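Asker: compute the structure for the input listed below.
(3 chains)
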Amino acid sequence: MAAKTLTIDGKQISAEEGATVLQAATEAGIPIPTLCHLEGVYDMGACRLCIVEITGIPKLLPACTTKVAEGMEIKTNSERLRKYRRMILELLFAERNHVCAVCVSNGHCELQTLAYSQGMEHVRYDYTFPKWNLDTTHRLFGMDHNRCVLCNRCVRVCWHIEGAGTKNVSGRGAKSRIITDLNMPWGDADSCTECGKCVMSCPTGALFNKGSTVGEMERDRDKLEFIVNAREKKQWIAD
Amino acid sequence: MKIRLATVWLGGCAGCHMSFLDLDEFLIDLADAVDLVYSPVVDVKDYPENVDLCLIEGAVCNEDNLEILHKIRARTKVLVSFGDCAVTGNVAGLRNVIPVNKLLQRIYVDGADANGCIPHDGLPQLSKLARPAQDFVKIDVCLPGCPPQNKVIAGFLNNLLEGRKPETNQKIKFG
Amino acid sequence: MILNDLIAIKEKEIAGRKKIILRCCLAAGCMSSDSKGVKEQLDKAVADAGLQNEVEVRGVGCMKLCCEGPLVAVEPENALYVKVTADNAPLIIGALKGSKAAIPQADPNSAFFAKQLSIVLANSGIVDPERIESYIAMDGYQALHEVLHEMTPKDVVETMVKCGLRGRGGAGFPTGLKWGTVAKSPGAKKYVVCNADEGDPGAFMDRSVLESDPHSVLEGMAIAAYAVGADQGFIYVRAEYPLAIARLQIAIKQAKTMSLLGSGIFESPFNFNVDLRIGAGAFVCGEETALMMSVEGKRGTPRPRPPFPAESGLFGCPTLLNNVETFANVPAIYRKGAEWFAGIGTEKSKGTKVFALAGKIKNTGLIEVPMGTPLRTIVEEMGGGAPDGGTIKAVQTGGPSGGCIPSQHLDTPVDYESLGKLGSIMGSGGMIVMDQTTNMVEIARFFMEFCMDESCGKCIPCRAGTVQMHHILDKIVNRKATARDLAKLEELCDMVRNTSLCGLGQTAPNPTMSTLRFFRNEYEALLQSDPHGAQANGTANKTELGTK
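Answerer: Model prediction:
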């Protein structure tokens, strides 16, 4: 496989042909914020936090789905990108009821961490305070739509790692929501194998183990990558 | 001249003020450098004029909160949203998905052991939504956290005392 | 089927024509005013008068002047009766024998008709869309024959490049370049997809084409399929167009029966089948990647490009995706030649464009004009200006992805570049005229609400950004917003446009941005002063306390 040479934030790096900009940057130790990206499942370029500027391309492209090319010049951290990322985060916080103080994932939440790393200390938009409910019908797990960012990680792991296809998205726009089976209570969803991979993948407090209270919901997201590597590359190495 | 400092307690749990009091010996340095001109911990009835800096705890939940907030804005140079409730609505905002009359009915009537009735005499009207302070007035600095950690508060106030810009130098987080 | 068979059908059709032809519009617009009843009564009146051997009553597609429907045209005397009712039928038949019919007529020589140049709509209102023979009589499927027997696929692509046709779906991507890319993409299986998911508010061009002349689209698709090496086509048409779906189904069946679709077309090795896929009502499925997801039976959400459909489209295969009007242009281009087509229009925008003229204008309906026609000609001469003595304030093109062009720019020629310079787009052809009573902020709010409702919810800027932009626009309309809100709105417009995943989100701010550009005073007049914020801002300064 041929290697490509490219420049990210002024640093010359090489990457394997077919690698994404995100992979190349990560390998070179250049951090790019992500939210919908999850090691182990395919990328969908939905959260737009990993957008980068590429010289010669007028549009901003998501690093997670853009493949490297010879001679690419990429900027990952311009003032404009930082501003857009902060705005995206503000929109997310205003969209649903993310009350960190009483959330099961407080302290272990990727959204919370992003706000903190991207310097978002308040939301300038009016909070929408939508009414969403909780699904606690499952024996082991709960789903709180108030905390959901619609990253689709749970859907992807459920279909592509577990192969159960329990989770899906219904509705559209701001009314989109994660459903189980044909929009049934999770507890009645026969296809669910109770593997818990969706709970492992969730970046926020939307999916949780029943019984966990504020700040107790810690997740082992590396396990998903481990399973995929073990299955596809026959590598049994856990970090 | 000493810095004229105020702290105010709107719709919050006083946790942010507890975190403020948790500054330990820094409070002694602070006392030397500032005049605490208005606060739940001092006995002043009316918000004074010419305040340099005010820490606002809590969300804007009722008519009284809003009235004093406007008064504070008019009489204060730098306003600080102090803690998650003032910054985001936070726990105070959890009620926002429930209509106010239903909420009051549930708590004061259905939830009462005896003589259930919704109190009203002399009490400010609850607003439809508990909202962050910035929805109503310009806020200069945000110190999120539930409560803001004492080292965050100390760092912020230390900047102030040493004549630097009033801003945080600590990593901050919600929750 | 060989060429001689085709010509035989054409000659038989022409030979069988009666002396007088009454064309009665049976497209959705006129059908909603009971044109079907009109046609039935016309048939009855002809029978009653014993004129069956002299008069043909033909159900046809759109005759363009929709506001005056139902329309009935009379050949050869070139009369066009308007607002015809079923009761009028005996009068119309009576008029054929010389008695005076007291039914209002439109002037076929008026600017509305005279300034049109029909390529896409050439057969519309003339052929019977439910009879393939009627299309063949207008030289239909001859271009396909010529392409299959006289040209290599490479030649076909070259002709398309030379003629300069650009995609009529809105963005104006050069069609020849797209065909060439798909043709060159490696792959044993390729697809041709026709986007008939017309969804812009006020736009009905593609619906009319499908209802009036479905075979031109099928022939265009077949030529494209030969050029790129595809053997399967899909037409993705929205479920809200039942008549278009029914006529397409008839057309496909007829074309298959005559071996103009299917295996070994015109006794060549070329095979091509077309199937319909019905959209379930999501605007975003007009976006090409979402459309393909929907054809595959998945949730219709867009995916990032690259890879473009030309490399990896439907089921991962190279896919050519064009809009209805683009395909409808194709047969004429191969019948009359690339030079002929390239001679029409402007330097960079060739050919004609169909517009659905609607809103505060006297003549609403379908028009097809050469590219480069000034907007003023369209709205003032052809459209007849605003009704009831009103004045035209702005013209909206491009639907929820476009913008409002104010009256001072009415002399702008209609082409991709000129409209783009004014912050609007050509779009698929919706043209909504607004008069002096229109509140431009409400227009912006309307389109933002549309985008908010139609956002698929996949990417955050579009899903949550449209909600916030709509909220601010709503605040402005209700006089509850301040200058700070307006600044936030502009910042959001910039962000959503630059960071959204697909065209829907990237263009959602356009109506707001264009009205802000030309009608900013209307926004500012609705703003509230900001006593608390401003006063506070005046005294508060972050650095005021700092001395170092």
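
Asker: what residues does chain A have near chain B?
Answerer: A:93, A:97-103, A:106-107, A:112-113, A:115-116, A:121-124, A:126-127, A:129-131 (CB under 8 Å from any CB of the partner chain). Using the backbone N, CA and C atoms, a C-beta is placed for each residue, glycine as well.

Asker: gap between the closest residue to chain B within chain A and B:Cys13?
Answerer: When distances are taken as CB to the nearest CB, chain A reaches nearest to chain B at A:Cys100, 2.7 Å away. Going from A:Cys100 to B:Cys13 by CB to CB, to the nearest Å gives 15 Å.

Asker: swap in C:Gly187?
Answerer: 64 Å.

Asker: before we move on, what about B:Ser127?
Answerer: 18 Å.

Asker: returning to that earlier point: looking at A:Cys100 and B:Cys13, which is more packed in?
Answerer: A:Cys100 (27 against 18; other CB atoms under 10 Å in any protein chain shown).

Asker: let me know the pLDDT of the residue lying closest to the more buried one once chain neighbours are set aside.
Answerer: Among residues not flanking A:Cys100 along the chain, B:Gly175 sits closest, at 2.7 Å (CB to CB, 6 or more residues apart in numbering or on different chains). pLDDT for B:Gly175: 86.

Asker: isn't B:Gly175 right next to B:Asp84, touching?
Answerer: Yes: contact criterion CB atoms under 8 Å: B:Gly175 and B:Asp84 qualify, at 6.9 Å.

Asker: looking at these two, which is more packed in?
Answerer: Set B:Gly175 next to B:Asp84 and count neighbours by other CB under 10 Å: B:Asp84 wins out with 33 against 23.

Asker: which stretches of chain A form helices?
Answerer: A:21-27, A:79-95, A:110-117, A:153-160, A:197-201, A:222-232 (DSSP state H).

Asker: between these, which gets nearest to B:Asp46?
Answerer: B:Asp46 lies closest, by CB to CB, to one member of the helices of chain A: helix A:79-95, at 35.0 Å.

Asker: next, the angle helix A:110-117 makes with that closest one.
Answerer: 140 degrees (axes from the mean of the first three to the mean of the last three CA atoms, to 10 degrees).

Asker: does anything pack onto helix A:79-95? Which helices or strands?
Answerer: For helix A:79-95, the elements it packs on are strand A:51-54, helix A:110-117, helix C:460-477, helix C:483-499, judged by 3 or more CB pairs under 8 Å, 6 or more residues apart in numbering or on different chains; DSSP states H and E.

Asker: hang on, the earlier thing: just the buried subset of the residues of chain A next to chain B, please.
Answerer: A:93, A:97-101, A:103, A:106-107, A:112, A:115-116, A:121-124, A:126-127, A:129 (16 or more other CB atoms under 10 Å in any protein chain shown).

Asker: any idea which residue is closest to the centre of chain A?
Answerer: The residue lying closest to the centre of chain A (CA atoms, centre = their mean) is A:Cys36, at 2.4 Å.

Asker: that residue touches A:Ala46, doesn't it?
Answerer: Yes: counting by CB under 8 Å, A:Cys36 does reach A:Ala46; the two are 4.6 Å apart.

Asker: where does chain B dip in pLDDT?
Answerer: B:169 (pLDDT under 70).

Asker: near chain C, which residues of it?
Answerer: B:3, B:52-53, B:70, B:73-74, B:76-79, B:136-138, B:140-141, B:159-160, B:162-167.

Asker: so which of the residues you listed are in strands?
Answerer: B:3, B:52-53, B:76-79, B:141 (DSSP state E).

Asker: how about the strands of the stretch 1-150 of chain C, start to end?
Answerer: C:20-25, C:55-60, C:72-75, C:79-81, C:105-106 (DSSP state E, counting those that start in this stretch).

Asker: columns mean neighbour count, distance to chain B and mean pLDDT on top of those strands, output as CSV?
Answerer: Shown next, in CSV, are those (neighbours: other CB atoms under 10 Å in any protein chain shown; distance: least, CB to the nearest CB, whole Å; pLDDT from 0 to 100):
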stretch, mean neighbour count, distance to chain B, mean pLDDT
strand C:20-25, 23, 53, 96
strand C:55-60, 23, 56, 96
strand C:72-75, 21, 58, 94
strand C:79-81, 21, 59, 93
strand C:105-106, 17, 56, 92
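
Asker: make a markdown table from those strands and add distance to chain A to it.
Answerer: Shown next, in a markdown table, are the strands of the stretch 1-150 of chain C (distance: least, CB to the nearest CB, whole Å):
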| stretch | distance to chain A |
| --- | --- |
| strand C:20-25 | 36 |
| strand C:55-60 | 38 |
| strand C:72-75 | 43 |
| strand C:79-81 | 44 |
| strand C:105-106 | 43 |
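
Asker: so which of those strands is nearest C:Ala251?
Answerer: strand C:55-60 (14.3 Å).

Asker: quick one: strands adjacent to that closest one?
Answerer: When pairing is defined by DSSP bridges, strand C:55-60 lines up against strand C:20-25 (parallel).

Asker: C:Tyr241 contacts C:Ala196, doesn't it?
Answerer: Yes: applying CB under 8 Å as the test, C:Tyr241 and C:Ala196 come out as touching, 7.4 Å apart.

Asker: what touches both of the two?
Answerer: Common neighbours of C:Tyr241 and C:Ala196, counting by CB atoms under 8 Å, 6 or more residues apart in numbering or on different chains, are C:Leu210.

Asker: more neighbours: which of these two?
Answerer: C:Ala196 (29 against 22).

Asker: name all residues that make contact with the more buried one.
Answerer: C:Ala196 neighbours (CB under 8 Å, 6+ apart): C:206, C:210, C:217, C:235-238, C:241, C:244, C:323-324.

Asker: count of residues packed around C:Asp107?
Answerer: C:Asp107 has 11 nearby residues by other CB under 10 Å.

Asker: actually C:Gly164, not the one I typed
Answerer: 23.

Asker: do C:Gly420 as well
Answerer: 14.

Asker: helix/strand/coil for it?
Answerer: helix (DSSP: H, G, I helix; E, B strand; the rest coil).

Asker: tell me the contacts of the closest residue to it other than its chain neighbours?
Answerer: Of all residues beyond its chain neighbours, the one nearest C:Gly420 is C:Met426 (7.9 Å), with distances taken as CB to CB, 6+ apart. C:Met426 makes contact with C:170, C:172, C:349, C:353, C:397-398, C:414-416, C:419-420, according to CB under 8 Å, 6+ apart.

Asker: try C:Asp200
Answerer: C:398-401, C:427-428, C:430.

Asker: same thing but 6 Å
Answerer: Going by CB atoms under 6 Å, 6 or more residues apart in numbering or on different chains, C:Asp200 touches C:399, C:428, C:430.

Asker: could those residues be laid out in TSV, adding distance to chain A, neighbour count and pLDDT?
Answerer: Shown next, in TSV, are these (distance: CB to the nearest CB, whole Å; neighbours: other CB atoms under 10 Å in any protein chain shown; pLDDT from 0 to 100):
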residue	distance to chain A	neighbour count	pLDDT
C:Gly399	17	27	91
C:Ser428	21	30	90
C:Gly430	22	26	93
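
Asker: closest residue of chain B to chain A?
Answerer: B:Gly175 (2.7 Å).

Asker: so which of the helices of chain A gets nearest C:Cys30?
Answerer: Comparing those by CB to CB, helix A:79-95 comes nearest, at 45.3 Å.

Asker: which parts of that closest one are buried?
Answerer: Buried-residue list, helix A:79-95, by 16+ other CB under 10 Å: A:81, A:84-95.

Asker: domain ranges for chain A?
Answerer: A:3-77, A:83-232 (automatic domain parsing).

Asker: what's across from residue 143 in the sheet?
Answerer: This is for chain A. Bridge pairing for A:Met143 - DSSP bridges - gives A:Asp135, A:Leu207.

Asker: my question was about chain B, not that one.
Answerer: B:Phe82.
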